[in-house]
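1. Would you be able to build a 3D model of this:
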Amino acid sequence: MSIKPIKVLIVDDSAIVRKLLADALKGEPDIEVVGGAGDPFVARDMILRLEPDVLTLDIEMPRMDGLSFLRRLMAHRPMPVIIVSSLTQAGSAATIDALRAGAVDVLAKPGGPSSVGELGARLRHCVRAVRGMSQSGLARAIEAAPTDASMVRFDSPRRHTGLIAIGASTGGPQAIEAVLSRLPAETPPILIAQHMPAGFTKAFADRLDKACAIRVVEAAGGEHLEPGTGYVAPGGHHLVVQRHGIKLMTALHDGPALHHQRPAVDELFFSLAQLRGVPIVAALLTGMGSDGADGLLALHQAGAETIAEDEHSCIVFGMPREAIARGAAMHVATLLQMPALLPECFRRVVTGAKRAS
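-> Residues are numbered from 1 along each chain as shown. As a prediction, the model looks like this:
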């Protein structure tokens, strides 16, 4: 029995970009480009007529901007939307707002001929990642993002050198904000590896900084890890943590992509697994593929407390499922359960580290 191809509608005011994206998907037996629209008004009519499974959407368009269109779409006909945006400062900030409004992933428009092939590979990956996403699943993910910090408490994070690490891919920006926005200002340092292109992670960190009680920055490398601060891996670089004397510091490198990703969650998790004697809690959230699963297992084996996101709140239950299958996850929790679970795990891992010493 043959599987019906994924129907994709491309929405971009540039005919060149529409052709480029269509060509990137052409010839794939499981993907069909059903049309291209130059603005949201045309797109609206084509959605009703063609019933696409996935939409690619530009942010900066005439007549109606992509963000306004996305919000209307999610209110009346939720569907997987992949943002394909320029790297302008305004475009990056609007793209992060689009992810909060329900878009599932973001790709950067090519800056030149050398980046066209990479865009095509990532686009095909994204389209396949969101196959079968239900409207109810999208609605759950959007509704899960809380607006108020809860009353969870960490036990004096300044008294020890423990860390929290979070990895995510498709659907991750909403999921990460849903967790971090419910944490208090006094937390252990938090390391964040989110699959996202260069140019967008700064806007993502800025958005989290505004939404959360903790301070959130895009990691620059060489920072001493401080409680109450989140460090987002910059797009195009792997983020790792290194020990310098008694201090723990961020470090960046631009080595080969892992699982087709840079930053990769496994790069971060594997570096943390080498930090013997450091209390660590790690969580692997929504995303396609297996990035982070082996790293989470290494952390578990090194004595960390490990969490995988429950399928019920995942946009894509790929990475967490792989971690659970490997026996890497000590706990399985929804996004709404995680803010209370993190301090509990941290207390246990700190107690265990004290006993071991």
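
2. In this structure, which helix is the longest?
-> The longest helix of the chain (DSSP state H) is helix 338-356.

3. Please save the CA atoms from that one in CSV.
-> Included here for helix 338-356 are C-alpha records, laid out as CSV according to Å, rounded to 0.1, in the frame of the first residue of the first chain:
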residue,chain,number,x,y,z
MET,A,338,8.7,19.6,33.9
PRO,A,339,9.0,22.9,35.9
ALA,A,340,8.1,21.1,39.1
LEU,A,341,10.1,18.0,38.2
LEU,A,342,13.4,19.8,37.5
PRO,A,343,14.0,21.0,41.1
GLU,A,344,13.1,17.5,42.4
CYS,A,345,15.6,16.0,40.1
PHE,A,346,18.2,18.6,41.0
ARG,A,347,17.8,18.0,44.8
ARG,A,348,18.3,14.2,44.2
VAL,A,349,21.4,14.6,42.0
VAL,A,350,23.0,17.1,44.4
THR,A,351,22.3,14.8,47.4
GLY,A,352,23.9,11.9,45.4
ALA,A,353,26.9,14.0,44.5
LYS,A,354,27.5,14.9,48.2
ARG,A,355,27.3,11.3,49.2
ALA,A,356,29.7,10.3,46.5
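
4. okay, now Gly27: neighbour count?
-> Close neighbours of Gly27, defined as other CB atoms under 10 Å, add up to 7. Where C-beta positions appear, they are placed from N, C-alpha and C, glycine not excepted.

5. name the element it belongs to?
-> Following DSSP states H and E, there is no helix or strand that holds Gly27.

6. any idea how far it is from Met288?
-> As judged by CB to CB, to the nearest Å, Gly27 and Met288 stand 21 Å apart.

7. Kindly report the same for Glu223.
-> For Glu223, the distance to Met288 - CB to CB - is 30 Å.

8. likewise Thr170?
-> 5 Å.

9. Common neighbours of those two, please.
-> 129, 316, 318 (CB atoms under 8 Å, 6 or more residues apart in numbering).

10. Taking those residues, please make a ChimeraX selection of just the buried ones.
-> Only the buried entries of the shared contacts of Thr170 and Met288 go into this ChimeraX selection, using 16 or more other CB atoms under 10 Å:
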select :129,316,318
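
11. mind giving me the domain split of the chain?
-> Using automatic domain parsing, the domain ranges for the chain come out as 6-133, 157-356.

12. Which parts of the protein are strands?
-> 6-11, 31-37, 54-57, 81-85, 105-108, 163-168, 190-194, 215-218, 229-232, 238-244, 247-253, 280-284, 305-309, 331-333 (DSSP state E).

13. Mind putting those strands into a markdown table with distance to Glu267?
-> Listed next are the strands of the chain as a markdown table, based on distance: least, CB to CB, whole Å:
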| stretch | distance to Glu267 |
| --- | --- |
| strand 6-11 | 30 |
| strand 31-37 | 29 |
| strand 54-57 | 28 |
| strand 81-85 | 24 |
| strand 105-108 | 20 |
| strand 163-168 | 10 |
| strand 190-194 | 7 |
| strand 215-218 | 16 |
| strand 229-232 | 14 |
| strand 238-244 | 4 |
| strand 247-253 | 8 |
| strand 280-284 | 13 |
| strand 305-309 | 17 |
| strand 331-333 | 23 |
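
14. In TSV: these, plus mean neighbour count.
-> Formatted as TSV, those follow (neighbours: other CB atoms under 10 Å):
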stretch	mean neighbour count
strand 6-11	24
strand 31-37	19
strand 54-57	25
strand 81-85	25
strand 105-108	26
strand 163-168	28
strand 190-194	27
strand 215-218	18
strand 229-232	24
strand 238-244	19
strand 247-253	16
strand 280-284	29
strand 305-309	28
strand 331-333	18
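
15. which residues of this protein score low on pLDDT?
-> The chain contains residues with pLDDT under 70 at 1-2, 87, 112-115, 132-151, 156-160, 353-357.

16. can you rerun that using 50?
-> Counting by pLDDT under 50, the chain shows low-confidence ranges at 142, 144-147.

17. Which residue lies nearest the spatial centre of it?
-> Gly172 (2.8 Å; CA atoms, centre = their mean).

18. That one and Leu284 touch, don't they?
-> No - between Gly172 and Leu284 there is no contact under CB atoms under 8 Å: 10.2 Å.

19. coming back round to it: beta-bridge partners for the residue nearest to the residue nearest to the centre of the chain when sequence neighbours are not counted, please?
-> Counting by CB to CB, 6 or more residues apart in numbering, Gln194 is the residue found nearest to Gly172 once chain neighbours are left out, at 4.8 Å. Counting by DSSP bridges, Gln194 forms beta bridges with Ala168.
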